[in-house]
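1. Build me a model:
(chains A and B)
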Amino acid sequence: MAIAFHDETFRDDYTYRNSDEAVRRFPFPFGQDEYMYSVNIEPHAGGKPGSVYEHTFDIDEHYVSECRDRAITLERDPGRCESLPHMIDAEWDVLELIMTSLARDYPDHFRLRQDGSHWHWTNLPLGIEQSFVFGDAATLPYPPFEYITRQTQGDFVILDQRDGDLWADSGMITQQADWSLAFDVGMSFKEWHGPVPRAHEIGVFDRALKYLLMLQLGKPVRRLNWTMTINPRLDTAPETYPEWGQDRASVTPENVGKKVHLRVEMQTLFRLPRSNGVLFSIRAYLASVGDLARYPRWGKRLHRVLRDLPEDLAEYKGLVRYKPMVLEYLSRMDDGALVEIGTHPE
Amino acid sequence: MSAAAPSIKSQPVYRPLEWDTAGASHLLFVAADDRPLLDRLLAAPPHGELAVVVADPIAAERLGKTTAAAQMVLRHDLSDGLKSLESIVQKAHMGLRLYLVGPEDAIWQAAGIAARYGMLSPEIRLFQTGTKARPVFCVHCRAMTRGVRTNLVDCSGCGRTLFVRDHFSRRLGAYMGFQIDAEEPGVKPPVEVAYP
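-> Model (predicted):
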């Protein structure tokens, strides 16, 4: 089925909106009333039709505008896309994985013709036609990883596997929750996750690393992660913190439902065939607290999770300044009734 | 040296420095005169050729009088010392082991030079000593501000007041700095000496 793409913005006037359907399929991450870090990894092997898990890479109504926002960010700061020179095989791996997946899963929007190494790519939503030679970077207008991730929703990191570790050696990072590719590129798995509180101590990264080193070709995995963002803004990078930091002080009891967004990342990991690297995709979904609270289950549960969130996690996620107003807003909808386990909206 | 676990795991922890017996030749780079450490190391030199590059005036003065290494290069400042290090490393053969002693700014710049000439991290041992002053990478304008002793510092590039975070990049050899008052302009904690 053809997707009706929105024309909207993720900065300045923030015209981003979710349709009713987009709210209903939102990957709400809280199955229980409390939250703690865990290695919540499961196979990424499809999901219910219409859900964000159905396809390998989820394309939704925000696709065209999100690609446009990425182009704006890259125009202002080309360093948001970095790839160390030894990563070229992995770049082609990623291009192949994304093109073949999109063409298979969304034939109304994407097409790929392969004749040996001569490929022809059609991206109808963005109006792109491109003939190129697979393996010959000179036949594309950008390096292969940048080329294809400019046309895909979500941030991407390619991890190089060596010395029993995963190194963040390539990235397309324009919509991150406050971490810097320019600073982190080339780091090991645990260095890169260094600032995350608590998770190291409870062994989350030891277990996750061990698991990911064993990741098999054709058996991708996924997990959800979350934070909160003021305004539907994708570019919440440390680089531009001087631009968006003040937004955190702009929340009032009147605007809280519209201004504060739950930001959920569907993180998927794929083993890459030639390079033996791992593609780490971070697909962000934004929904305003007001939109989510239209489902009473979600409103109550979000209230309870935020209310009981340990202070150091709230600090790390940058919620401290406005969390009391979110709690006040959601508490009015929370009658204290039991909310059964599960992330479903109704 | 105490090795308390850092609050952020990217921050390096330095183990007591020992010679690597697997090395065929050895290069000791000294950017601070840690006398007990250097006396201990040089009293029991490793097998194979040993070269010493000194990049600190006090250490150069003292070691120049007391040390007999096959190759001894005495420089009185860091940038000259790094140049000497580079000229040795670029001619080096397999089996070289590199030992970097000094403040973090010096030893990570040296490690970066060695990496550029293909040395691998298991071939390089680092030990922080001397000043705790930090090199700080501004995440907003990418300028490096060196010799930072305080929790807050004005960026040498964009002039913003940066908070120095414990997050460390080995590739950049620097800590992350970000604008401290981005959420409430002008609201800043007091400046304190944090890295003497």
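2. Pull up the residues of chain B that are close to chain A.
-> B:8-11, B:137, B:139-140, B:142, B:160, B:165, B:167-172, B:176, B:178-179, B:182-185 (Cβ under 8 Å from any Cβ of the partner chain). The way it works is simple: take the backbone N, C-alpha and C, and place the C-beta from them, glycine included.
3. same thing but 6 Å
-> Counting by Cβ under 6 Å from any Cβ of the partner chain, the positions of chain B adjacent to chain A are B:8-10, B:139-140, B:167, B:169, B:171, B:176, B:178-179, B:182-184.
4. Put together JSON lines for those residues, with secondary structure on each row.
-> As requested, the residues of chain B next to chain A are arranged in JSON lines below (DSSP: H, G, I helix; E, B strand; the rest coil):
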{"residue": "B:Ile8", "secondary structure": "coil"}
{"residue": "B:Lys9", "secondary structure": "coil"}
{"residue": "B:Ser10", "secondary structure": "coil"}
{"residue": "B:Val139", "secondary structure": "coil"}
{"residue": "B:His140", "secondary structure": "coil"}
{"residue": "B:His167", "secondary structure": "strand"}
{"residue": "B:Ser169", "secondary structure": "strand"}
{"residue": "B:Arg171", "secondary structure": "coil"}
{"residue": "B:Met176", "secondary structure": "strand"}
{"residue": "B:Phe178", "secondary structure": "strand"}
{"residue": "B:Gln179", "secondary structure": "strand"}
{"residue": "B:Ala182", "secondary structure": "coil"}
{"residue": "B:Glu183", "secondary structure": "coil"}
{"residue": "B:Glu184", "secondary structure": "coil"}
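5. between the residues you listed, which is nearest A:Ser250?
-> Comparing those against A:Ser250 with Cβ to Cβ picks out B:Glu183 as the nearest, at 9.8 Å.
6. Got the phi and psi for the closest one?
-> Here the main-chain torsion angles of B:Glu183 (degrees, to the nearest 10) amount to phi -80, psi -40.
7. Run a quick neighbour tally on the residue nearest to B:Asn151 when sequence neighbours are not counted.
-> Nearest residue to B:Asn151, sequence neighbours excluded (Cβ to Cβ, 6 or more residues apart in numbering or on different chains): B:Ala194, at 4.4 Å. Counted with other Cβ atoms under 10 Å in any protein chain shown, the neighbours of B:Ala194 add up to 14.
8. Count residues in the vicinity of the closest residue to chain B within the stretch 201-346 of chain A, would you?
-> Closest approach between the stretch 201-346 of chain A and chain B, counting by Cβ to the nearest Cβ: A:Gly245, at 2.9 Å. Counted with other Cβ under 10 Å, the neighbours of A:Gly245 add up to 22.
9. Report pLDDT for it.
-> Looking at A:Gly245, its pLDDT reads 93.
10. Unless I misread the structure, it falls within a helix.
-> Yes - counting by three-state DSSP, A:Gly245 is located in a helix.
11. Could you list which residues are in contact with the nearest residue to it once chain neighbours are set aside?
-> The shortest distance from A:Gly245 to any residue other than its chain neighbours is 2.9 Å, reached at B:Ala182 (Cβ to Cβ, 6+ apart). With contacts taken as Cβ atoms under 6 Å, 6 or more residues apart in numbering or on different chains, B:Ala182 has the following neighbours: A:241-242, A:245.
12. Make a markdown table from those residues and add distance to A:Val133 to it.
-> Compiled in a markdown table, the contacts of B:Ala182 are given as follows (distance: Cβ to Cβ, whole Å):
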| residue | distance to A:Val133 |
| --- | --- |
| A:Tyr241 | 41 |
| A:Pro242 | 43 |
| A:Gly245 | 45 |
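13. Return the member of the residues you listed nearest to B:Ala22.
-> Of all these, the one with the least separation from B:Ala22 (Cβ to Cβ) is A:Tyr241, at 45.0 Å.
14. That's all I had, so thanks and see you.
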